[in-house]
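# no sequence on this one, just coordinates:
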């Protein structure tokens, strides 16, 4: 062994060429039997090695007899010496180093051999087999400084996030910074509701509630600005956001979208100023997700030209209705019965209370009581006992009763009519995930700021304790969530734009998008706030540090405006029926060809190089990332479609067949939304010109893309889209990206520019 | 095609033998290119097929030209006819069916061929390749009734869960059913704290607080009964459980375990009756996880023979201290300084308030204010400003100051002394997960009972809507959690037994067990309650349905009594140092041999048959399941150990090396705990004699084992322990087990026997 520690080991050039790979292979990774076999095979095939070389190199691959510590120390000293000698400008990688080393021990003639493409490729193939190209040990060998961070302009990133509604956002930041909007812990629901009502009046007075209404009713005809206000309220007490949304978005929205001019003229201005507080009375105790099955009836009485609103049984009562205690009127969804014919669910305006705020005859209202959160919102239950309202109170845009008592509708098909009316809910599905994302950003900001000042445990006595955010496990907890919050911001901005500019043609696609993104985002919010609370330990449990309310208030986001699991099934069914349609139109082969344009190799096997490619450039390549996302989506779509076909062929009823594919469908919906989110993220950073900002966004995008692939690695390995070395390389890269993004974490949360008195948590300052 | 729909297809016997496999292969699964290739290879190798047979069979494997619907209908009619004709007692599987079918078209001589072992094995190898042995389509072919459920005696299962402390549990059920213990929604913390204090007095009066103390102080010397009481309180308002635990477990426990007879005589009786309410003042604002770094000092003043307790700075104040508002005294953890020497952290009894409940001079106490949950517990902050107490107040079991002012300790090594004292926390780590599990069981009971009466969406108009629990996605959400709640119950019972019967020798192992199980269980509680809340939709959000408090109160369980992430690292470090020790003692080869006894093939490759074996008998075999769990644990242990060795060899400091392996260590700790949980579950059902109960428990155990393997399938595929067909088969089997366990779900939650007024949720009745 002593000879080995000399400065001149007299290694042959063949051995020297492989030394960097061997060193890193042993230093960084556990050689599995498979890898050992692969390396041995490769080594045996290398032309430029002598038999002695091969024997030595194979000996060094024995896992039960690894190179000794002395040998190791020797290797690293040889390698560092050579690395230090390498000409500037030469790429610092293990292959180049190996080739340079080989030359040092070669004759003049042999030197040429080490300059050929073949030699390079041979080494690369071993590197590939080892899956260690981008090892941490490179740093050890080349004495590299930690990567320099691209520090970017926070203002530029903030501008990007604020998008075209930056003026409204700034207005909200100023408003919410007013001491009148200071967030308080109010435990009593009556008191809390009063406070929220008061805040809501402030907003209405400033014209913020009416933003989406036509100008003649005090609005600005801008749904986009309305949504921006709602999103900003997500930073504040969420009870206010929800109260605001119920009054101006749901109640006002139902009058605006389901009513006609007579309703607009009579009510919209007063709704916008909160002079007429109202409810959106859709959900019943017995029917929440299945709105079509609502049991409340609105029967037309030709005698008096009135509609009779009635709850036929206790479980037909309206439930969870916001504004039920403060409201004067309710947009009430009921089965419309005219001349004995049920025309399906329609909305009718039903007065609830008189000027003195007394409940009107025939109406019963109950408080839902305390809830897990959102206790500043007055949710209640409402029952109707033969309550009569004039015929004009029918919101009659999509279904009218004329003076002769005849029903008519511009939409003949009852099912299409129903879904068109339900389309009024889409605004809620676009808005809610944005408020949820604001809550998640608040949680991330608090947790990251805390982790950047909280220290615990020291490397040794007397040394300063380690910052929480310097723990890799802490980075792993928070950084992927931070990246995903950016990804979702861009995706939701895209959804808003699509929604604001919607047309008859693309409304169905937008509804699918909204249903999917609402679910994907609100689940993210729940998960993020839980992780952040835990990451702040006991401090996160104190109400003063905001997680109590952030978590409790947003917990219901996964349920209301459509239960996430139900919505995701809608998304999948939409995808499936689109697919079935093109299948019928063009035949299976045509569909495959169609898919082929978008997915490089759906249903065809990926080659071994691709499935094992662990090069960092490849993994960071947006084409690879997008291909992986799309492959998953398309493969799930095709396979679930085939399963459905088979069930149907076997005469299994469609409903039963759907049930059997239910979890498969949920996976498909998720894959579809993830592809969309990644596409938008890529689009955003490609449009950035500022190179520093671009670098930061690319890293976040990589982290989102690769941590998502990592989450699904079981699926990717199962479907043989990837092999083990690749999924391991992805894990390593995600860890590395977490470390890199950590350096920018403070600036990245600053760019959210959350008003200080919304952040409010002592641990965040 | 018309010939095919005749009753006599004139298929050759070779084709008939494969028909069942082909039918199911096409009906149930998507043939991947890999699978197609495998099947074709196999078909080509089958001796008993003619060339024409082979040509036809290979044609039928073309994914882009699958068998036509007519052909399919024909196949199923042929198969069903034959299935109906099969002699009773014959095994109903695809192989037997194929062999029987082949005989119908064979000559007398040929019939013999179909009775050989070779033919059977040839078919089995194809079945293996298709990975479809236990297909749902079997049911279609054989017109099978859904599996008959083993209905079991709920009482027997309850008895098993109640274990040896059933008497105490029954006592608690009676007590908690008293109207005095009705759970109320109390929003005001003062009022809530009063109520909890009152309840706590009730318990103390009945001698339940003192259970673990010696009889002479009013106890029964039974830690096991104490823990059973605590677990039962987990069904009730958790504030009560925690208040109870602080007073009797932590404060009383510190006097019992860290004090000596003089302290016992003076205080224990009064602690047990709650006459002396007290605090366990360990955590400081600046130091929570890192207890060794506490900054409070207890300096001995020989002049007056007193200890001076002092908080040197604001962040040295004690924080989150339960009983801080009601307490008269605090076990205060501080650096003990005697004659200028710091002997490390010791506990000292410090009076906080006088008889009139006025705070004593030099002491400052603040209310922590509202928290996310547990608002019935009076958590506060305490600072000491040169507070003097007599020397006797030092809890001096492990460190004493004598009358001459000399420090001595029975444990020389300060580090060992510190960990011995911290050992008093183990009781908390044994108890907390049990109370958390009670909360999770409550949530599961509510969600499952609701899902068994709530309906939503009908297969078609007029038909009854579908029960939530009949949706496969709902089964997938709740059934694995139900199975895991049973798994954890048995594991925690085992932990309790080990703890109650602990000796000097095994205390370290028990501490590791407790740290790991506490983390694993409390994370389970958080996850389960979230899933159950969402599964109950809007109803789950109403406070009256319990999730609000169950979630909020238990959220901190992942943090207190040791942050879960920190504890899991402790577990891993313990495993690693044990491993390192045996490595040093016996050398690497010896260790491998040692492991070989327990893990069939650690570090050696599994053969192709094993890694692709999809037979239901194999997957349900406890040996396979346990091997999979142990393989993961051992492989993670060996690889992280090798990584550490390499880092150390490269002179990377141990602390830095640990950091680099941090996520790896967390995975190892999880794998270790999961193995332990499975081992205990297997042990329990193996001991059951009642065959029905045994069947039910085996199913739950299978569901726990296989859903855990499914969760880690990325890892298993990556490490090549399994191939894709096997992981897919596991997914299908988990789905099936969810369906089967769903049939017993109602009885399985009944067996928890949660007192009705603890369940309290209207939707659960």
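Nice, thanks for sending it over. Being a predicted model, the structure only gives us computed values, none of them experimental. Residues are numbered from 1 along each chain as shown, chains lettered A, B, ... in the order given.
# What is the burial count for the residue of the stretch 151-300 of chain A found nearest chain B?
Closest residue of the stretch 151-300 of chain A to chain B, C-beta to the nearest C-beta: residue A:187 (4.4 Å). Every C-beta, even on glycine, is put in place using the N, C-alpha and C of the backbone. Neighbours of residue A:187 under the rule other C-beta atoms under 10 Å in any protein chain shown: 16.
# which one is it nearest to, not counting chain neighbours?
Leaving aside its sequence neighbours, residue A:187 sits nearest to residue B:187 (C-beta to C-beta, 6 or more residues apart in numbering or on different chains; 4.4 Å).
# Tell me who's in contact with that neighbour.
Shown in contact with residue B:187 (C-beta atoms under 8 Å, 6 or more residues apart in numbering or on different chains): A:187-189, A:370.
# For the residues you listed, which single residue is the most surrounded?
residue A:189 (22 neighbours).
# show me the residues around it that make contact.
By C-beta under 8 Å, 6+ apart, the contact set of residue A:189 is A:370, A:375-376, B:187.
# was I right about residue A:556 contacting residue A:377?
No - with contact defined as C-beta atoms under 8 Å, residue A:556 and residue A:377 do not form a contacting pair (10.0 Å).
# all strands of the stretch 401-550 of chain A, in order?
Under the criterion DSSP state E, counting those that start in this stretch, the stretch 401-550 of chain A contains strands at A:407-408.
# Check chain A too.
With DSSP state E as the criterion, chain A has strands at A:278-281, A:297-301, A:306-310, A:318-321, A:329-338, A:341-351, A:363-367, A:380-384, A:387-390, A:400-401, A:407-408.
# list the contacts for residue A:377?
Going by C-beta under 8 Å, 6+ apart, the list of residues near residue A:377 reads A:193, A:196, A:239, A:242-243, A:246, A:322-323.
# and if we set it to 7 Å?
Listed by C-beta atoms under 7 Å, 6 or more residues apart in numbering or on different chains, the contact set of residue A:377 reads A:196, A:239, A:242-243, A:322.
# before we move on, what about residue A:408?
Contacts of residue A:408 (C-beta under 7 Å, 6+ apart): A:400, A:402.
# Could you do residue A:444 as well?
A:478, A:481-482, A:485, A:528, A:532, A:749.
# cutoff 10 Å now
A:478-479, A:481-482, A:484-485, A:528-529, A:531-532, A:535, A:745, A:748-749, A:752, A:754 (C-beta atoms under 10 Å, 6 or more residues apart in numbering or on different chains).
# Ok, residue A:380 next?
Applying C-beta under 10 Å, 6+ apart to residue A:380 gives the contacts A:279, A:281, A:317-327, A:352, A:365-369.
# same check, this time on residue A:652
Applying C-beta under 10 Å, 6+ apart, the residues near residue A:652 are A:644, A:646, A:658-660, B:140.
# Residue A:232 too?
A:165, A:168-173, A:175-176, A:208, A:241, A:434-435, A:438, A:754-755, A:758.
# so how far is residue B:34 from the closest residue to residue A:561 other than its chain neighbours?
Excluding its sequence neighbours, the residue lying closest to residue A:561 (C-beta to C-beta, 6+ apart) is residue A:428, at 4.4 Å. Between residue A:428 and residue B:34 the computed distance is 46 Å (C-beta to C-beta, to the nearest Å).
# Show me which of these two is the more surrounded one.
When neighbours are counted by other C-beta under 10 Å, residue A:428 comes out ahead of the other of residue A:428 and residue B:34, with 21 against 15.
# doesn't residue A:244 make contact with that one?
No - judged on C-beta atoms under 10 Å, residue A:428 makes no contact with residue A:244 at a distance of 11.9 Å.
# Residues that sit against both of the two, list them.
Joint contacts of residue A:428 and residue A:244 (C-beta under 10 Å, 6+ apart) are residue A:230.
# Any regions of chain A where pLDDT drops low?
Applying pLDDT under 70 to chain A flags residues A:1-9, A:26-33, A:63-66, A:68-70, A:72-73, A:87-91, A:130-150, A:583-608.
# ok, which stretches of the stretch 201-350 of chain A are helices?
All helices of the stretch 201-350 of chain A, identified by DSSP state H, counting those that start in this stretch, fall at A:223-233, A:238-244, A:252-258, A:261-263, A:269-272.
# same thing with the stretch 351-500 of chain A?
A:414-422, A:426-451, A:472-500.
# Go through those and pick out the most buried.
Stretch with highest mean neighbour count among the helices of the stretch 351-500 of chain A: helix A:426-451 (a mean of 26; mean count of other C-beta atoms under 10 Å in any protein chain shown).
# leaving aside the residues next to it on the chain, what's closest to residue A:268?
residue A:217 (3.9 Å).
# ranking the helices of the stretch 201-350 of chain A by burial, who's on top?
helix A:238-244 (a mean of 28).
# tell me what that helix is packed against?
Under the contact criterion of 3 or more C-beta pairs under 10 Å, 6 or more residues apart in numbering or on different chains; DSSP states H and E, helix A:238-244 touches helix A:189-205, helix A:223-233, helix A:426-451, helix A:547-554.
# give the contact list for residue A:22.
A:15, A:39, A:57, A:60-61, A:67, A:75, A:79, A:94, A:98, A:126, A:130.
# which of the residues you listed has the most neighbours?
residue A:94 (29 neighbours).
# quick revisit: out of the contacts of residue A:380, which end up buried?
With burial judged by 16 or more other C-beta atoms under 10 Å in any protein chain shown, the buried subset of these is A:279, A:281, A:317-327, A:352, A:365, A:368.
# Going by distance to chain B, which of those wins?
Nearest to chain B among the buried ones among the contacts of residue A:380 is residue A:320, at 5.0 Å by C-beta to the nearest C-beta.
# I'd assumed residue A:288 was in contact with that closest one.
Yes - using C-beta under 10 Å, residue A:320 makes contact with residue A:288 at a distance of 8.2 Å.
# which neighbours do those two share?
Listed as contacting both residue A:320 and residue A:288 by C-beta under 10 Å, 6+ apart are A:282, A:559-560, B:537-539.
# Out of those residues, who's the most crowded?
Neighbour max across the shared contacts of residue A:320 and residue A:288 (other C-beta under 10 Å) = residue A:282, 26 neighbours.
# I figured that residue was touching residue A:254, is that so?
Yes - between residue A:282 and residue A:254 a contact is recorded at 8.8 Å, counting by C-beta under 10 Å.
# Pull up the overlap in contacts between those two.
Here residue A:282 and residue A:254 share the contacting residues A:330-333, A:347, A:424-425, scored by C-beta under 10 Å, 6+ apart.
# Any chance of JSON lines for these, columns distance to residue A:381 and neighbour count?
Below are the shared contacts of residue A:282 and residue A:254 laid out as JSON lines (distance: C-beta to C-beta, whole Å; neighbours: other C-beta atoms under 10 Å in any protein chain shown):
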{"residue": "A:330", "distance to residue A:381": "12", "neighbour count": "28"}
{"residue": "A:331", "distance to residue A:381": "16", "neighbour count": "25"}
{"residue": "A:332", "distance to residue A:381": "13", "neighbour count": "30"}
{"residue": "A:333", "distance to residue A:381": "15", "neighbour count": "26"}
{"residue": "A:347", "distance to residue A:381": "18", "neighbour count": "29"}
{"residue": "A:424", "distance to residue A:381": "22", "neighbour count": "22"}
{"residue": "A:425", "distance to residue A:381": "20", "neighbour count": "22"}
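# which of the residues you listed lies closest to residue A:86?
Distances from residue A:86 to these, taken as C-beta to C-beta, are shortest for residue A:425 (63.7 Å).
# which residue sits closest to the closest one, ignoring its sequence neighbours?
residue A:561 (6.4 Å).
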